[in-house]
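> Sharing a model prediction with you, sequence too.
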Amino acid sequence: MTNKDNNTQCAFRTSIGGQALIEGIMMLGPRKRAIVCRGQDELIEKVEDVTPLKEKSPILALPLIRGVAGFLSSMINGVKAISFSADQLPEDMQEEPDKIDLWIEKHFSNETAQKLIIGVAVVLGIGLSLLLFLFLPTFIVGLFPSIKSDFYWRTLAEGVLKLIIFFLYLILCSKMKDMKRLFAYHGAEHKTIFCYEKGLPLTIENVRPQPRLHPRCGTSFMFVVIIISIIAGSFIHVSGTLARMGLKLLVLPVIVGISYEINRWVGRHDNLLSAVLSWPGKQMQRITTNEPDDDMIRCAIRALELVIPDEKGSDTW
């Protein structure tokens, strides 16, 4: 990495965020959500209006609650965006629907089937995360009576195992050919947002040298969630494995809410504490982001342009 990776001073911080898709990028602004995918000859665009959660209900704007609401919203819309991007691939590159999707499509109307398929995908995604990063470490440590009986050693072992599983998961994903391209789009998203935050014209030449490690990234958020869950686990003085799993599940919304507030604070500040708190998450992004090619950057630029608000500064973080 060059010194350019450390040059992250920005003119302002935007609330606009993005997500890498299959041969595309989604950007979410204050009032619009845009999906831009690469077609065979041109970019494929989809733009829709967005109502902020706080306008749907003032309760959703409260600290802690807004983190949980935002996480669920991003999961649902993220799955929808990935599904849309997958549909844009040439037919010979599209995967065959699995048995669950085929059964749903057979028994329900198109609109209902689409909602159900997305719902199943969200539930499976959350379920897999809970299994790998919450239940599995607790279950494995519970198999060793000598560790299980010592509260402090058990807390430490569960935390270390949770981090190991998280690292291995990211590393294995990064080795997959399709994920390498997805992570390159992730890098394009970060670079484009940095270029915008620095007040530079959104051109490939200006975006390319920007850092690909961003303090408000979802990878950083997930890392914070895991660290906070480890700390929370140290307060659960229960030895039974199933009971311990249940209590961890109950406090998970609080963990997500706290993690969001930490990520929010870090993204708004440039000082020693924010640098220390953001450093581990940025190192994780060395795995989940790759250097993009010019076509990926062009895709990210267009997605960002589509969600920039008309009123300058209304997207300030």
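Cool, got the structure. Small disclaimer: the values here were computed from a predicted structure and weren't measured. Numbering: from 1, shown residues only.
> continuing past the lowest-mean-pLDDT helix or strand in the chain, what's the next helix or strand?
Averaged element by element with mean pLDDT, DSSP states H and E, the chain has its least confident helix or strand at helix 99-107 (a mean of 70). Per DSSP states H and E, the first helix or strand lying C-terminal to helix 99-107 is helix 110-130.
> And that following helix, what does it pack against?
Contact here means 3 or more CB pairs under 8 Å, 6 or more residues apart in numbering; DSSP states H and E; on that basis helix 110-130 packs against helix 65-87, helix 99-107. To be clear about C-beta, it is placed using only N, CA and C from the backbone, and glycine gets the same treatment.
> for Met179, what are its contacts?
Residues in contact with Met179 (CB atoms under 8 Å, 6 or more residues apart in numbering) are Cys173.
> Return the distance of it relative to Gly313.
Noted for Met179: a distance of 36 Å to Gly313, by CB to CB, to the nearest Å.
> next one: Gly281
For Gly281, the distance to Gly313 equals 27 Å [CB to CB].
> which of the two has more neighbours?
Just comparing Gly281 and Gly313: by other CB atoms under 10 Å the higher neighbour count belongs to Gly281, 23 against 8.
> Quick check, the more buried one in contact with His214.
No. Assessed by CB atoms under 8 Å, Gly281 is found out of contact with His214, at 9.2 Å.
> Give me the common contacts of the two.
Ser220.
> what about this protein, any weak spots by pLDDT?
Residue ranges of the chain with pLDDT under 70: 1-11, 91-98, 100-101, 107, 111, 113-114.
> Helices along that one, start to end?
Along the chain, the segments classed as helices by DSSP state H run 53-56, 65-87, 99-107, 110-130, 136-141, 145-148, 151-175, 177-197, 204-207, 218-233, 241-268, 272-288, 294-305.
> As JSON lines, those with distance to Leu28 would be great.
Formatted as JSON lines, these follow (distance: least, CB to CB, whole Å):
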{"stretch": "helix 53-56", "distance to Leu28": "12"}
{"stretch": "helix 65-87", "distance to Leu28": "8"}
{"stretch": "helix 99-107", "distance to Leu28": "26"}
{"stretch": "helix 110-130", "distance to Leu28": "17"}
{"stretch": "helix 136-141", "distance to Leu28": "31"}
{"stretch": "helix 145-148", "distance to Leu28": "43"}
{"stretch": "helix 151-175", "distance to Leu28": "23"}
{"stretch": "helix 177-197", "distance to Leu28": "11"}
{"stretch": "helix 204-207", "distance to Leu28": "18"}
{"stretch": "helix 218-233", "distance to Leu28": "12"}
{"stretch": "helix 241-268", "distance to Leu28": "15"}
{"stretch": "helix 272-288", "distance to Leu28": "18"}
{"stretch": "helix 294-305", "distance to Leu28": "10"}
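> Can you check which of these gets nearest to Ala34?
helix 294-305 (4.9 Å; CB to CB).
> for Met176, what are its contacts?
Met176 neighbours (CB under 8 Å, 6+ apart): none.
> residues touching the most centrally placed residue in the chain, list them.
For the chain, the residue sitting closest to the mean C-alpha position, by CA atoms, centre = their mean, is Gly218 at 3.4 Å. Residues near Gly218 by CB under 8 Å, 6+ apart: Gln19, Ser74.
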